[in-house]
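> curious how this folds, go ahead:
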Amino acid sequence: MKRTGLLAIVLTLAVLPSAAQVPDEFTNLKVLPEDIGKQELMSVMRSFAGALGVRCKHCHVGPDNLQGMDFATDELEPKRVARTMMAMTSEINDELLPASGRDPLLRVRCVTCHRGIARPQQMDDLLVETVESDGVDGALERFQTLRAEYAGSGAYDFSSGTLAGLAEMLARSKGDMDGALKVVDLNIELHPDVAYNHIMRGQILMQGGDRDAAVAALQRAVELEPDNDYAKRMLARVRGAD
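Coordinates of the predicted model:
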């Protein structure tokens, strides 16, 4: 089942503590107002949990059933980071955005960046990081796994441009033409009607000496975009190569 942002929020709210499990008096509040009401506090916590796709245990210490949870302790690092993030968004919303002069202002919220994941990260950065640790095959496997779970949620960019960027990095920065071709082939499988993917495939194949396959790839690019002068020039160049 694909995980959507709404589904993540619904599932998260289903496991949040009931009012009976939250103390009536709060201690160690450093960002939220000390006189915040119980229902308001629970609403804030629900918004955090939904935005990050996490449960209370992500920030608070206690058993999984939440009975006797220590909400006050700062033992867990995510809670300390959360305070910094709250201060950051407050500064953005209350000081920096108003200084822009725009009206109305679009306020920054946790979900603006997180979109259902605890550690927001750009897909292109994540793929490069995975290439370094697990190779191209590992990066593509991770891409497919995340795509199956998060496609449609907005958590990651699964568009054709993301894989195209990875292929270009592999070809130009690392000289890994085999790896670049694997990425391009997956991109074509997922986005068969994007002409640029076929152009990239033609360039990689030509560099590898497979002229016939390069011609076929570039022909497909021209079929998809008959007015693409770059694709037509590339095709003519490859056809005229010795």
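> could you list the domains of this structure?
The chain is divided into the following domains under automatic domain parsing: 5-113, 123-239.
> tell me the contacts of the residue nearest to the spatial centre of the chain?
Centroid check for the chain by Cα atoms, centre = their mean gives residue 156 as the closest residue, at 2.5 Å. Contacts for residue 156 (Cβ atoms under 8 Å, 6 or more residues apart in numbering) come out as 117, 122-123, 126, 146-147, 150. C-beta here means a position set from N, CA and C on the backbone, and glycine is covered the same way.
> that one sits in which helix or strand?
Residue 156 belongs to no helix or strand when elements are defined using DSSP states H and E.
> per-residue confidence for the nearest residue to residue 205 once chain neighbours are set aside?
If the residues on either side of it in the chain are set aside, residue 205 comes closest to residue 214, at 4.0 Å by Cβ to Cβ, 6 or more residues apart in numbering. Looking at residue 214, its pLDDT reads 96.
> could you do the one 10 residues further on as well?
We note a pLDDT of 98 for residue 224 in this prediction.
> do the same with residue 68
83.
> so it versus residue 178, what's the distance?
Taking Cβ to Cβ, to the nearest Å as the measure, residue 68 falls 55 Å from residue 178.
> ditto for residue 185
Residue 185 is 11 Å from residue 178, by Cβ to Cβ.
> those two: who's more crowded?
Neighbour count, other Cβ atoms under 10 Å: between residue 185 and residue 178, residue 185 has more, with 16 against 11.
> from what I can see that one touches residue 204, true?
No - contact criterion Cβ atoms under 8 Å: residue 185 and residue 204 do not qualify, at 9.7 Å.
> since we're on residue 124, how many residues are nearby?
17.
> identify each buried residue in the helix or strand hosting residue 197, please.
Here residue 197, judged by DSSP H and E, is contained in helix 195-207. Using 16 or more other Cβ atoms under 10 Å as the test for burial, helix 195-207 gives 195-206.
> now render those residues as a markdown table, adding pLDDT.
Output for the buried residues of helix 195-207, formatted as a markdown table (pLDDT from 0 to 100):
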| residue | pLDDT |
| --- | --- |
| 195 | 98 |
| 196 | 97 |
| 197 | 98 |
| 198 | 98 |
| 199 | 97 |
| 200 | 97 |
| 201 | 98 |
| 202 | 97 |
| 203 | 96 |
| 204 | 96 |
| 205 | 96 |
| 206 | 94 |
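> ok, those vs residue 112, which is closest?
residue 196 (29.6 Å; Cβ to Cβ).
> what's the distance between the residue nearest to residue 205 and residue 181?
Distance of residue 214 to residue 181, given as Cβ to Cβ: 11 Å.
> which one of the two has more residues nearby?
More crowded of residue 214 and residue 181, by other Cβ under 10 Å: residue 214, with 24 against 21.
> so how far is residue 178 from that one?
Separation of residue 214 from residue 178 (Cβ to Cβ): 15 Å.
> same check, this time on residue 88
42 Å.
> phi first, then psi, for residue 70.
Note on residue 70: its backbone torsions stand at phi -90, psi 90 [degrees, to the nearest 10].
> can you name the residues bridging to it?
residue 61 (DSSP bridges).
> now do the contacts for it.
60-62.
> tilt between the strand or helix carrying residue 169 and helix 195-207?
Here residue 169 sits within helix 160-172, counting by DSSP H and E. Using axes from the mean of the first three to the mean of the last three Cα atoms, to 10 degrees, one finds that helix 160-172 and helix 195-207 are set 20 degrees apart in direction.
> let me see the mean pLDDT of helix 160-172.
97.
> could you find the closest non-adjacent residue to residue 139?
residue 130 (4.1 Å).
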